[in-house]
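**Q** show me the folded form of this:
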Amino acid sequence: MDTFLESGKFPVEVVNLASSKEKGPGRPPHWEMVFWWTRKPLASARAVILASILPRDFDVERFTRIVYPSYQGSGRFSKTPHFLNPNVKLLGREYLEKLARTRLLDPFAGFGSIPLEGVRLGAGEVVATELLPAAVVFLRAVLEYPKWAVEKKVEKQLISDVEKWGKWVLEQLGK
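**A** Numbering: from 1, shown residues only. Now for the predicted structure:
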């Protein structure tokens with residue numbers, strides 16, 4: 001099946017612009033944890049995942065409104081693109097159901113941009129693997145711990161603990 005991604009209508013310029021917004025001020029908060037050379041912009045991961053399941057004739061403007069709700073045209077965004085979840089309600093039931101049946105695997109997930117956007121889009125099953133131990137820790141921090149903390153109702157305590165131990169580490173490094 002030919003997909004929207006392969007159609008020649010994929011809005012590369014808009015995706016590039018949205019992706020470049022993540023490289024400057026206003027980066028996603030988890031990007032500040034550590035510099036990761038191969039980190040993929042959330043904006044491009046989101047666009048490529050969705051475009052890979054949509055049909056060739058999908059409407060470009062509708063696609064853009066779904067993946068970048070803050071896009072105002074002419075290269076302008078009202079907010080940095082990654083701050084808003086995709087507007088998947090605009091997909092319609094047929095494509096929402098298709099997304100819910102989609103399995104997404106990122107075998108070299110690194111910092112988790114592709115799996116994170118798969119989850120945000122509503123993919124049915126998202127699997128992220130990584131060989132590097134440090135990357136596994138960051139993947140868990142980005143993909144698993146926030147959900148776990150909310151489910152256990154300990155998110156405020158988790159934030160407090162991270163701040164407390166972060167200060168302790170900095171103090172120890174200063175000695």
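**Q** pick out the residue closest to the middle of this structure.
**A** The residue lying closest to the centre of the chain (C-alpha atoms, centre = their mean) is residue 117, at 3.3 Å.
**Q** for residue 79, helix, strand, or coil?
**A** coil (DSSP: H, G, I helix; E, B strand; the rest coil).
**Q** neighbours around it, how many?
**A** Using other C-beta atoms under 10 Å, residue 79 has 13 other residues around it. For the C-beta atoms, the positions are set from N, CA and C on the backbone; glycine is no exception.
**Q** quick one: contacts for it?
**A** With contact taken as C-beta atoms under 8 Å, 6 or more residues apart in numbering, residue 79 is in contact with residue 70.
**Q** that one and residue 101, how far apart?
**A** 31 Å (C-beta to C-beta, to the nearest Å).
**Q** now do residue 68
**A** Distance from residue 68 to residue 101, by C-beta to C-beta: 24 Å.
**Q** re earlier: whichever strand or helix holds the residue nearest to the centre of the chain packs against which elements?
**A** For residue 117, the host element (DSSP states H and E) is helix 113-121. Contacts defined by 3 or more C-beta pairs under 8 Å, 6 or more residues apart in numbering; DSSP states H and E place helix 113-121 against helix 42-51, strand 103-106, strand 125-128.
**Q** okay, the angle between the first one and helix 113-121?
**A** An angle of 60 degrees separates the directions of helix 42-51 and helix 113-121 when computed by axes from the mean of the first three to the mean of the last three C-alpha atoms, to 10 degrees.
**Q** model confidence for residue 109, exactly?
**A** pLDDT recorded at residue 109 is 92.
**Q** what does residue 18 give?
**A** Residue 18 is given a pLDDT of 89.
**Q** so it is in which element?
**A** Using DSSP H and E, residue 18 falls in helix 12-21.
**Q** name the surrounding residues that touch that helix.
**A** Residues outside helix 12-21 that contact it (C-beta under 8 Å, 6+ apart) are 41, 43-44, 47-48, 64, 67-68, 71, 75, 77, 80-82.
**Q** of those residues, which is the nearest to residue 92?
**A** Nearest to residue 92 among these, counting by C-beta to C-beta, is residue 67 at 14.9 Å.
**Q** so who does that closest one touch?
**A** Counting by C-beta under 8 Å, 6+ apart, residue 67 makes contact with 18, 43, 46, 47, 50, 86.
**Q** can you check the pLDDT for it?
**A** Looking at residue 67, its pLDDT stands at 94.
**Q** same thing with residue 32?
**A** Looking at residue 32, its pLDDT stands at 63.
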